[in-house]
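In: Fold the following, please.
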Amino acid sequence: MNIRDIETFQAAIPLKKQFKTALRTVTIAESVVVKVTCDNGVIGFGEAPPTHVITGDSLASVDYMLTEVFKPLLIGESLLYREQLFEKIQTAAVGNTSAKAALDMALYDCIAQQARMPLAQFLGGYHETIETDYTVSVNSPGEMAEDAQQYVNDGFSVLKVKVGKDLIKTDVARIQAIREQIGSDVFIRLDANQGWDAKGAVKAIRQMEDLGLDIELIEQPVKAHDLEGLKYVTDHTDTPIMADESVFSPMDAKRVLEMRAADLINIKLMKTGGIHQALKIAKLAQIYGVDCMVGSMIETKIGITAAAHFAASQPNVTRYDFDAPLMLADDLIEGGITYKGSSIDLGGKTGLGIKAVHQDYVRID
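Out: Numbering: from 1, shown residues only. Predicted coordinates:
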């Protein structure tokens, strides 16, 4: 089974509501979709959204890497030697993790289809069902409390709340308002997106602990490069701390794990460069007895389907942040995962189970 063609398309789908974090505001989900066609007719899909403030990738850079670098390198190559393929992808360029991830997931889609297995089973087959959280975007305390209540009404029992954009006292007020609104039965996890410094993070977290706000975990409280600061927060608070932007590669994960700089790791395919590298991070974390969450950028159901299959395959992936498609005004694909409230059904089809990409939101270059 050899690679016959690699094609790219650009897609753009409006969000139902602005998505705001400490790093950016998003109103439209843009993405580069990649389609890999094999000589036996098997077709695999992947995608890469541009997330300049995290990965440094843009629509133009992703498309260039896929069409001008990876395509000439991989056309005619056999998927039966996948370790060689993924090594070529990783060593062909420094960085460019989103473009690598898009191609990686499309290749895994093809490989699992050829094996006649859903990708989750091909990768390990551990979890049968997974449940996503829903993200509360950064706004005023009152608006965030109203949004949180709506998501709980929609069937979500875990909320991921964005903080880190304003003063610490404002963040504490946000969480107080949300907890008062939704009660004590709903899990709240926070994501500061690098918005605090180490001492400020400890101050904020201790305040929330003293107020009994019952926070499940705090994600990336400090700058990505500040591993000493991350460790300081981890060592000086009782609430579990999760590394996100601090971990792109297996080497990054190794440093965080060796330092005991965080209690948990958030794996995202757009950071790791795809499933092949993400598997290494998950296995390394498992050796250290550390659980992982698998999250995403603002992606369509193509990328989230790939991430969900990876997450369901690993025993130490215990948390899931796959709400992005639910934020979009429409669906880009036919097939893939399906949602019932917070529950995600992988579908049971071979590969990613993607039948078609709808053309309404796709521009063919």
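
In: Surely Ala201 forms part of a helix?
Out: Yes. Ala201: assigned to a helix according to DSSP: H, G, I helix; E, B strand; the rest coil.

In: quick one: contacts for Ala308?
Out: Taking Cβ atoms under 8 Å, 6 or more residues apart in numbering, we find Ala308 in contact with 120, 130, 294, 320, 322, 337, 344, 346. (Glycine included, C-beta is placed from N, CA and C.)

In: got those residues as a markdown table, with pLDDT, distance to Glu216 and secondary structure columns?
Out: Formatted as a markdown table, these follow (pLDDT from 0 to 100; distance: Cβ to Cβ, whole Å; DSSP: H, G, I helix; E, B strand; the rest coil):
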| residue | pLDDT | distance to Glu216 | secondary structure |
| --- | --- | --- | --- |
| Ala120 | 98 | 25 | helix |
| Ile130 | 96 | 16 | strand |
| Val294 | 98 | 16 | strand |
| Tyr320 | 98 | 13 | strand |
| Phe322 | 98 | 17 | coil |
| Ile337 | 97 | 23 | coil |
| Ile344 | 98 | 19 | strand |
| Leu346 | 96 | 24 | coil |
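
In: How much space separates the nearest residue to Asp330 once chain neighbours are set aside from Met327?
Out: Setting aside the residues directly before and after it, Asp330 is nearest to Ile13 in space (Cβ to Cβ, 6 or more residues apart in numbering), at 5.7 Å. As judged by Cβ to Cβ, to the nearest Å, Ile13 and Met327 stand 10 Å apart.

In: Check which helix or strand Val36 maps to.
Out: When secondary structure is defined using DSSP states H and E, the element that contains Val36 is strand 25-38.

In: mind listing what that strand pairs with, with the direction of each?
Out: Within its sheet, and counting by DSSP bridges, strand 25-38 is paired with strand 3-20 (antiparallel), strand 43-48 (antiparallel).

In: out of those, nearest to Glu68?
Out: Proximity of the strands paired with strand 25-38 to Glu68 was assessed by Cβ to Cβ; the nearest stretch is strand 3-20, lying at 10.5 Å.

In: which of the residues in the closest one are buried?
Out: Neighbour-count burial for strand 3-20, counted by 16 or more other Cβ atoms under 10 Å, picks out 3, 6, 8-11, 13, 15, 19.

In: Adding distance to Thr272 and pLDDT as columns, could you present those in CSV?
Out: Below are those laid out as CSV (distance: Cβ to Cβ, whole Å; pLDDT from 0 to 100):
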residue, distance to Thr272, pLDDT
Ile3, 22, 98
Ile6, 20, 98
Thr8, 20, 96
Phe9, 23, 94
Gln10, 23, 95
Ala11, 22, 94
Ile13, 24, 93
Leu15, 25, 94
Phe19, 22, 86
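
In: Is it possible to get CSV of the residues you listed that adds distance to Gly44?
Out: Conversion of these to CSV gives the following (distance: Cβ to Cβ, whole Å):
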residue, distance to Gly44
Ile3, 10
Ile6, 10
Thr8, 13
Phe9, 14
Gln10, 18
Ala11, 17
Ile13, 21
Leu15, 27
Phe19, 28
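
In: Go through these and say which is closest to Thr239.
Out: Using Cβ to Cβ, Phe19 is the member of these that lies nearest Thr239, at 24.4 Å.

In: what about the stretch 151-300 of the chain, any weak spots by pLDDT?
Out: Counting by pLDDT under 70, the stretch 151-300 of the chain contains no low-confidence range.

In: need the strands for it, in chain order.
Out: Taking DSSP state E, counting those that start in this stretch, the strands of the stretch 151-300 of the chain run over residues 158-162, 187-191, 215-219, 241-243, 264-267, 292-294.

In: Touching the fourth one from outside, list them.
Out: By Cβ under 8 Å, 6+ apart, the list of residues contacting strand 241-243 from outside reads 217-221, 230, 233-234, 256, 261-266, 293.

In: returning to what we had before: pull out the buried residues from the strand holding Val36.
Out: The neighbour-count check on strand 25-38 (16+ other Cβ under 10 Å) flags 26, 29-38 as buried.

In: my read: Lys268 touches Ser296, true?
Out: Yes. In this structure, Lys268 is within contact of Ser296 by Cβ atoms under 8 Å, at 6.0 Å.

In: So which residues of the stretch 1-150 of the chain form helices?
Out: Under the criterion DSSP state H, counting those that start in this stretch, helices of the stretch 1-150 of the chain are mapped to 59-64, 71-74, 82-91, 97-114, 119-123, 141-153.

In: Just send those helices back as CSV, with distance to Lys283 too.
Out: Below are those laid out as CSV (distance: least, Cβ to Cβ, whole Å):
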stretch, distance to Lys283
helix 59-64, 27
helix 71-74, 25
helix 82-91, 15
helix 97-114, 16
helix 119-123, 11
helix 141-153, 33
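
In: Great, nothing more from me.
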